[in-house]
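# Provided below for reference: sequence and predicted model.
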Amino acid sequence: MKTTGRIIPIASAPKLLAAHDGDLAAALGGSLHDMRNRRVRDLRISVTDRCNFRCVYCMPKSVFGHDYDFLPRTDLLSFEEIGRIARLFVDQGVEKIRITGGEPLLRRHIENLIGQLAKLPVELTLTTNGSLLAKKARALKDAGLKRVTVSLDGIDDAVFKRMNDVDYAVGDVLDGIAAAAAAGLAPVKVNCVVKRGSNDDQILPLARHFRHSGHILRFIEFMDVGSSNGWRMDEVLPSADVLAVINAEFPLEAIDANYPGEVAGRWRYRDGAGEIGVISSVTRAFCASCSRIRLSTEGQLYTCLFARSGHDLRALLRQGAGDEQLQRAIAAVWRDRDDRYSEIRSAATTLPAGSGKIEMSYIGG
Ligand code: SAM
Ligand code: SF4
Ligand code: SF4
């Protein structure tokens with residue numbers, strides 16, 4: 001049997017269409033709040049579920065093998081459909097849009113989508129594994145992209161190759177980072193997912209490498225997204241430990257968040273060598289201020305990274321829904337939102353493989 005991480009129940013389009021008239025006032029009146037009084041500010045758009053890496057914590061080869069059933073191209077939202085949904089979200093208060101995947105630079109002519117979204121009054125960014133960045137950085141910048149985040153889980157070639165599991169060399173990602181900075185997609189954020197026992201020996205070497213570079217290195221706790229990465233709590237290295245390791249060699253001091261609810265904790269080297277960040281998604285949940293909504297590659301809307309069901313916007317779009325209907329649907333989804341998975345997670349709450357949580361490569365990080 002073919003494996004897939006994406007077969008999940010979705011709220012039907014008719015149910016979305018049945019949003020009450022009262023929702024419309026809120027929908028069109030700007031600020032939209034969920035059941036925990038959180039505003040929608042941040043839209044993440046996944047443009048492909050495919051990737052040229054097989055990172056062990058995201059798309060393990062044992063699940064995402066040669067026979068894996070990726071989405072057929074006709075199922076993907078077109079750039080026009082994505083642009084329309086993004087515009088409606090901006091009308092409802094979204095201030096930041098991040099393009100992600102899978103590997104977003106694998107989507108053909110991605111710069112055309114960037115060009116469309118760059119016309120919206122939002123901060124527009126993209127997360128990439130960096131493999132195609134050296135080739136594409138200039139075109140992305142010219143199309144209107146503001147910044148990029150590049151994932152890099154080690155600076156030692158052997159460790160990095162073990163993490164990406166496709167024998168991809170560190171040097172090529174570093175070239176991509178340099179090209180991004182040269183094109184003006186700066187400051188470049190460099191994300192490292194730390195998996196205890198796999199790449200935690202890379203913390204100091206990465207810190208050393210990116211000091212004085214102007215790039216912002218950030219360490220992310222290994223999360224139990226999806227149900228195929230074999231997550232175990234004892235493989236999570238708490239951010240506090242990461243900071244302790246770096247601080248012992250290069251003393252650090254905390255700095256203020258850029259804005260309320262910022263996910264990364266910010267630190268700087270006392271000697272002025274730059275800034276780093278930690279994202280403590282497991283040990284210090286930030287659900288209370290979570291303002292993110294995710295649009296999957298095939299047009300499902302997810303209100304949480306750990307959701308097990310989405311809401312089918314593509315069906316509405318392809319049935320010919322008008323902007324007002326779509327706005328009602330979006331408002332209804334957000335107003336019903338009650339998610340706080342990370343606050344209630346524990347080793348015991350983690351669900352077994354096959355339990356239907358959405359995969360990271362499908363929903364976008
Ligand atoms: N392919 C692109 C990349 O790797 O940057 C974009 C998509 S990837 C799913 C987005 C981010 O999610 C990456 O920084 C990746 O390291 C992170 N990620 C994936 N699986 C994760 C996990 N289980 N725990 C924590 N972060 C994860
Ligand atoms: Fe691909 Fe990004 Fe997932 Fe790695 S983290 S497998 S690069 S989607
Ligand atoms: Fe937001 Fe869900 Fe993550 Fe909590 S667990 S921070 S609600 S995405």
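Happy to help now that I have it. Numbers count the residues shown, from 1 in each chain. Ligands and ions are numbered 1, 2, ... in the order given.

# Which stretches in the stretch 251-365 of the chain count as strands?
Counting by DSSP state E, counting those that start in this stretch, the stretch 251-365 of the chain has these strands, from start to end: 252-255, 265-269, 275-279, 292-295, 300-302, 310-312.

# my bad, should have said the stretch 1-150 of the chain
With DSSP E, counting those that start in this stretch as the criterion, the stretch 1-150 of the chain has strands at 10-11, 42-46, 96-100, 123-128, 147-151.

# I'd like the distance between residue 49 and residue 290.
From residue 49 across to residue 290, the span is 23 Å (C-beta to C-beta, to the nearest Å). Just so you know, the C-beta spots here come from the backbone N, C-alpha and C atoms, and that holds for glycine as well.

# So between the two, which is more surrounded?
More neighbours sit around residue 49 than around the other of residue 49 and residue 290, counting by other C-beta atoms under 10 Å; the figures are 27 against 24.

# how about low-confidence regions in this structure?
Applying pLDDT under 70 to the chain flags residues 1-30, 346-356, 365.

# Residues of it that sit close to ligand 1?
51, 57-58, 100-101, 103, 127-129, 151, 191, 193, 220, 222-223, 225, 229, 360-361, 364-365 (C-beta under 6 Å from any ligand atom).

# now do 5 Å
Along the chain, the residues adjacent to ligand 1 under the rule C-beta under 5 Å from any ligand atom are 57-58, 100-101, 103, 127, 129, 151, 191, 193, 220, 222-223, 225, 360, 365.

# Which ones among those residues also lie next to ligand 2?
When contact is defined as C-beta under 5 Å from any ligand atom, these meet ligand 2 at 58, 129.

# Pick the one among the residues of the chain next to ligand 1 closest to ligand 3.
Of all the residues of the chain next to ligand 1, residue 223 has the smallest distance to ligand 3: 8.5 Å, by C-beta to the nearest ligand atom.

# can you tell me how far that closest one sits from residue 360?
From residue 223 over to residue 360 the distance is 8 Å, taken as C-beta to C-beta.

# Then residue 134?
Plainly put, residue 134 is 24 Å away from residue 360 if you go by C-beta to C-beta.

# more neighbours, these two?
A count of neighbours by other C-beta under 10 Å puts residue 360 above the other of residue 134 and residue 360, at 23 against 18.

# Three-state assignment for residue 247, please.
Secondary structure for residue 247, judged by DSSP: H, G, I helix; E, B strand; the rest coil, is helix.

# what about it, how many residues close to it?
For residue 247, the number of neighbouring residues by other C-beta under 10 Å comes to 14.

# mind listing what the closest residue to residue 34 other than its chain neighbours touches?
Spatially, and ignoring its direct neighbours in sequence, residue 34 is nearest to residue 337 (3.7 Å; C-beta to C-beta, 6 or more residues apart in numbering). For residue 337, the residues meeting the contact criterion (C-beta atoms under 8 Å, 6 or more residues apart in numbering) are 34-36, 38, 303-304.

# Residue 155 now?
Residues counted as contacts of residue 155 (C-beta under 8 Å, 6+ apart) are 170, 202, 205-206, 209.

# Closest one of the residues you listed to ligand 2?
Using C-beta to the nearest ligand atom, the contacts of residue 155 come closest to ligand 2 at residue 170, 13.8 Å.
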